[in-house]
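In: I need the structure of the sequence given here:
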Amino acid sequence: MDSAGPVESDRRAVKEQEGETSMTDKFVVRSGWLIDGTGTPTLRQGFLQVTQGRITSVGSGNPPSEKGTRTLDFSHCTVLPALVDCHVHLCRSGAPEPPQQRQSVPRASGETDRRIARHLRLCLEAGIVAVREGGDPHASTLRFRKERLAGDSPIRLLSPGAAWHAAGRYGAILGRAVPPGRTLAECVSQHLDSADHVKIVQSGLNSLSRFGYETPAQFATSDLKAAVEAAHGNGLRAMIHANGFLPVRSAVEAGCDSVEHGFFMGKENLERMAERGISWVPTACAMLACAQTAPPGSLERETARRTLDRQIELIASARAIGVQIACGTDSGTPGVLHGSSIWTELSLLAKAGFSVEEAVRCATFHGARLLGLEQTLGILASGMPASFVAVRADPSRLFETAGRLGPVALYVNGAEVAIPVPESLILAEGA
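Out: Predicted coordinates:
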């Protein structure tokens, strides 16, 4: 029976097994079930052999014995690659907020930095080792990544700084408006500020009072295409917030790297995305949160539930069509908690017809590839860094158990990450 007691016992047992951790060590990881992140079937009684922080072999059954090799026993656990969340908002808590607080984010401050650090710790404790920020108006997460994040932190943070939106349209909570007399492409080119990617807002939010209502596109397709080309010309990828058929179509025609949210985009857009290799980050768990937090019996709750059902249908279509889905939670928005929400998103992918292995691939290899981190994250294979999560559950209960109790262990580059995560792993010394 799963409970906090066995999980804590497992974490203590891992520490006792590991002793003094060193990336020069050789060790074997024994699992009850091993999911490698490629989408292939789970290995029963799978194992990893690790030397100097890298995987040297993967298999099932009894690993080759070698003198001086330690064994980490996760025979009661599912072991899978460490996770990637492709859409987060680290300046916000995810707690329900009054409407007047949803349109502002505090400027960079000590409290904002502590908030970002706390949310990154929650991500690590859920098994997430890379996150892609969706933008904040004061570029606080980008500044944090450059000035405050510990150089040896086990989590990767990618941030666009502030997102771009059209004047008078939705997006102030994410970034800044394009000034009069300037083009979107000019703004992207002149305000990169060491950003890791570019975020553009191309539509409004989903309505919770009018099911399926689509807002107009914020930018003309030609302007959006010029901005995406400016980003690509600077070696950066472009993530575009877009809901509705026309805003998504313009994002796809502009050559974006990923469509964020994509509610009510329609199958025609999915087919275009599959043809062009554009990723989709559907953030379904954000709409689930809307349905769960709206007043019982209200129009908002019913609309959110219908919208979620439509999104799950689209996700099922995307799977059939061959669109690459990358897992993103929209964590930080009301009702979407940092860290644990990724397991909710995975459960919604499963509801849409994804196998456990396919869903895990969305939160590992697909996410790593979208972020350009596929050389170091995403799969468990020979030659890859040994970055993995162990969850006390078989695959049939993996998402529910991990979301409720969290992993029993997290390793990054062959080294264990302490759970709970100490602040020193996030904040640079003296920061």
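In: what residue lies at the spatial centre of this structure?
Out: Centroid-nearest residue in the chain: Asp85, 0.9 Å away (criterion: CA atoms, centre = their mean).
In: secondary structure class for that residue?
Out: Secondary structure for Asp85, judged by DSSP: H, G, I helix; E, B strand; the rest coil, is strand.
In: need the contact list for it.
Out: Asp85 is in contact with Cys123, Ile128, Ala130, Val131, Arg132, Cys327, Gly328, Thr329, Ser331, Ile342, Ala363, Gly367, counting by CB atoms under 8 Å, 6 or more residues apart in numbering. For every residue, glycine as well, the C-beta is placed using N, CA and C.
In: ok, and the closest non-adjacent residue to the third one?
Out: In this case it means Ala130. Spatial nearest neighbour of Ala130, chain neighbours left out: Arg156 (4.1 Å); criterion: CB to CB, 6 or more residues apart in numbering.
In: just the ones of the contacts of Asp85 in helices?
Out: Mapping those onto helices (DSSP state H) picks out Cys123, Ile342, Ala363, Gly367.
In: can you give me the pLDDT of the third one?
Out: Looking at Ala363, its pLDDT is 98.
In: and what about the closest residue to Ser355 other than its chain neighbours, helix, strand or coil?
Out: Leaving aside its chain neighbours, Ser355 sits nearest to Gly39 (7.8 Å; criterion: CB to CB, 6+ apart). Taking three-state DSSP as the rule, one finds Gly39 in the coil state.
In: does Gly39 really touch Arg361, like I thought?
Out: Yes: in this structure, Gly39 is within contact of Arg361 by CB atoms under 8 Å, at 4.3 Å.
In: comparing these two, which residue is more hemmed in?
Out: Arg361 (28 against 18; other CB atoms under 10 Å).
In: which residues touch the residue nearest to Ser355?
Out: By CB under 8 Å, 6+ apart, the contact list for Gly39 reads Ser355, Glu357, Glu358, Val360, Arg361, Phe365.
In: hmm, back to that, ok, the residue nearest to the centre of the chain to Asp25 distance?
Out: Using CB to CB, to the nearest Å, we find Asp85 at a distance of 29 Å from Asp25.
In: element containing Glu275, please.
Out: In the assignment (DSSP states H and E), Glu275 maps to helix 267-276.
In: so after that helix, what's the next helix or strand?
Out: strand 279-281.
In: what residues of whichever helix or strand comes after that next one count as buried?
Out: Using DSSP H and E, the helix or strand that directly follows strand 279-281 along the chain is helix 284-293. The neighbour-count check on helix 284-293 (16 or more other CB atoms under 10 Å) flags Ala284, Cys285, Ala286, Met287, Leu288, Ala289, Cys290, Ala291 as buried.
In: quick check: closest non-adjacent residue to the first one.
Out: Of all residues beyond its chain neighbours, the one nearest Ala284 is Leu348 (4.4 Å), with distances taken as CB to CB, 6+ apart.
In: for that neighbour, give me the pLDDT.
Out: Leu348 is given a pLDDT of 98.
In: can you tell me what sits against the helix or strand harbouring it?
Out: Here Leu348, judged by DSSP H and E, is contained in helix 341-351. With contact meaning CB under 8 Å, 6+ apart, helix 341-351 is reached by 83, 85, 94, 126-128, 283-285, 288, 312, 315, 325, 327-329, 331, 356, 358-360, 362-363, 399-400, 402-403.
In: now do it and helix 284-293, the angle between them.
Out: With axes from the mean of the first three to the mean of the last three CA atoms, to 10 degrees applied, the angle from helix 341-351 to helix 284-293 works out at 100 degrees.
In: for helix 341-351, C-alpha coordinates in CSV please.
Out: The C-alpha trace of helix 341-351 is given here as CSV (Å, rounded to 0.1, in the frame of the first residue of the first chain):
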residue,chain,number,x,y,z
SER,A,341,1.3,19.2,-12.0
ILE,A,342,3.5,17.5,-14.6
TRP,A,343,2.2,14.2,-13.4
THR,A,344,-1.4,15.5,-13.9
GLU,A,345,-0.5,16.5,-17.5
LEU,A,346,0.8,13.0,-18.1
SER,A,347,-2.4,11.4,-16.8
LEU,A,348,-4.4,13.6,-19.2
LEU,A,349,-2.2,12.4,-22.1
ALA,A,350,-3.0,8.9,-21.0
LYS,A,351,-6.7,9.7,-21.0
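In: one step back: partner residues bridging the residue nearest to the centre of the chain?
Out: Beta bridges link Asp85 to Val131 when assigned by DSSP bridges.
In: again, but for Ile240
Out: Note on Ile240: beta-bridge partners by DSSP bridges are Ile200, Val259.
In: contacts only, for it.
Out: Applying CB under 8 Å, 6+ apart, the residues contacting Ile240 are Lys199, Ile200, Val201, Gln202, Leu224, Val228, Ala251, Ala254, Cys256, Ser258, Val259, Glu260.
In: among those, which one lies nearest to Ser387?
Out: Ser258 (22.3 Å; CB to CB).
In: surely the closest one meets His241?
Out: No: contact criterion CB under 8 Å: Ser258 and His241 do not qualify, at 10.0 Å.
In: let me see the ranges of the helices in the stretch 301-431 of the chain.
Out: Under the criterion DSSP state H, counting those that start in this stretch, the stretch 301-431 of the chain contains helices at 341-351, 356-363, 365-370, 398-405.
In: between those helices, which one is closest to Pro63.
Out: Within these, the stretch nearest Pro63 is helix 356-363; the backing value is 21.6 Å (CB to CB).
In: the closest one packs against which elements?
Out: When contacts are defined as 3 or more CB pairs under 8 Å, 6 or more residues apart in numbering; DSSP states H and E, helix 356-363 packs onto strand 83-88, helix 341-351, helix 398-405.
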